[in-house]
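Asks: quick one: sequence plus predicted model below, questions after.
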Amino acid sequence: METRKIQQVSNGTFTVSLPREWADGEGITAGTVVNLHTHLDGMLVVQAPECEDDSSMQFTVTVGGSDADGGVDSAGGDFLEQTLRAAYAAGSKQVVIEADGTFDAEQRQAVRRVARNLVGVTITEESDTAVTVRNVLDANEVSIRQSVRQLQFVAVSMHRDATAALTGAAPLDGFAERDDRADRLFAMVDRHFTRGLDRLDEVDALGETRPELFRLHTAARELERVADQAERIAAVASAVADPLPPAVADEVSELAELVPESLESAVQVALEGDDPDAAREALAARDRVCEGVADVERRLFEEVDADANYRFAHALHALERTAEHAGNVAEVGLRTAVRTRNMDEKPAREGGTESAEHTQRA
């Protein structure tokens, strides 16, 4: 790090000299126009104009296509979908896909599936040999905080329905659609977070400081994992003919219900940082769920029903992981409270103690 002294010229303007080595490396000479970014966190950044050129976020990829004899090259729809999803996550604005021949039906389906399942993605041009896919969503139109709240709502509803199906309380309904929505929401948050690492104007447009953007992204990732665990629980509920034995179903329901309330509180603290006690209670709820799941699993197979379907163990493990992801969100909330100076010396509310030695598992 270098330090420079602020100077004042005759008209009252403040000036500071730029390091010569940096200027030479960026091709900056006398008369070059540079961009100045003032950020919400109080930083002022000097940036060469070409650093903000969005052309680096556009690229062309060639894939195998149908040949003259109707055969299909080895690069199929899966490869194409993976490439487009990776480009989306990397923050690309436009991808031109060229076929070495013509596109087959599987490849066209893959492109349309990506355009349908990713927020802001649209097909702007299409021919037999080329397709242009572009992201038209402007960062000024995106609220990362609102997206995290929506993801929380979806993840909690999936968790409740999956555990209800596991215990036989209610059937699954509309689960696949919500799982897709959770994936779309996280993919959008992940994309804008990645662009914010590369482009300062993206951070400005999102209206968040970089530390805030990092915390929101971390919370969103944990919520997406809660949705994934709900999907695993739902898969067990669908695959097993009978629900959990009645002797343990009530216990599992009680443990499962600890998660939504603690998760909602944890997300609120992660967003605002104004109630660290709620985050501590969420951590205590995590510990109670993890301990309770271990006890239920032991009783299920040793005392209640030795022949119980082994897949119940997978569902109980997913419930435990769900609680751990909720605890990870609560820890994000505690960091937010520290940063916003809302921490206090008061103990957690009755029934809540934080286990400092609990080990996180991603």
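Replies: Cool, got the structure. All figures in this text were calculated on a predicted structure; none of them were measured in a lab. Numbering: from 1, shown residues only.

Asks: tell me where the stretch 51-200 of the chain has strands.
Replies: 58-64, 94-100, 121-126, 130-135 (DSSP state E, counting those that start in this stretch).

Asks: residue 4: which of those is closest?
Replies: strand 58-64 (36.3 Å; CB to CB). Quick note: C-beta positions are derived from backbone N, CA and C, even for glycine.

Asks: what's in contact with the closest one?
Replies: 72-76, 79-80, 83, 87, 92-101, 107 (CB atoms under 8 Å, 6 or more residues apart in numbering).

Asks: from the residues you listed, list just the buried residues.
Replies: Buried members of these, counted by 16 or more other CB atoms under 10 Å: 73, 75, 79-80, 83, 87, 92-97, 99, 101, 107.

Asks: out of those, who's nearest residue 34?
Replies: Among the buried ones among the contacts of strand 58-64, and counting by CB to CB, the member closest to residue 34 is residue 93, at 23.0 Å.

Asks: wait, doesn't that closest one sit right on residue 135?
Replies: Yes: between residue 93 and residue 135 a contact is recorded at 5.6 Å, counting by CB atoms under 8 Å.

Asks: adding distance to residue 156 and mean pLDDT, write the strands of the stretch 51-200 of the chain out as JSON lines.
Replies: As requested, the strands of the stretch 51-200 of the chain are exported to JSON lines (distance: least, CB to CB, whole Å; pLDDT from 0 to 100):
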{"stretch": "strand 58-64", "distance to residue 156": "38", "mean pLDDT": "82"}
{"stretch": "strand 94-100", "distance to residue 156": "34", "mean pLDDT": "89"}
{"stretch": "strand 121-126", "distance to residue 156": "27", "mean pLDDT": "93"}
{"stretch": "strand 130-135", "distance to residue 156": "28", "mean pLDDT": "92"}
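
Asks: same list (those strands) but as TSV, adding distance to residue 204.
Replies: Compiled in TSV, those are given as follows (distance: least, CB to CB, whole Å):
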stretch	distance to residue 204
strand 58-64	21
strand 94-100	22
strand 121-126	23
strand 130-135	18
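
Asks: grab the nearest non-local neighbour of residue 186.
Replies: The shortest distance from residue 186 to any non-neighbouring residue, by CB to CB, 6 or more residues apart in numbering, is to residue 224 (3.9 Å).

Asks: do I have it right that that neighbour meets residue 179?
Replies: No: counting by CB under 8 Å, residue 224 stays clear of residue 179, with 10.2 Å between them.

Asks: rewinding a little: the residue nearest to residue 186: what's it in contact with?
Replies: 151, 155, 182-183, 185-186.

Asks: do you know the pLDDT at the residue lying closest to residue 340 once chain neighbours are set aside?
Replies: What sits nearest to residue 340 in space, not counting adjacent residues and going by CB to CB, 6+ apart, is residue 273, at 3.9 Å. We have a pLDDT of 85 for residue 273.

Asks: which among the buried ones among the contacts of strand 58-64 gets closest to residue 338?
Replies: Of the buried ones among the contacts of strand 58-64, the one sitting nearest to residue 338 (CB to CB) turns out to be residue 92, at 35.2 Å.
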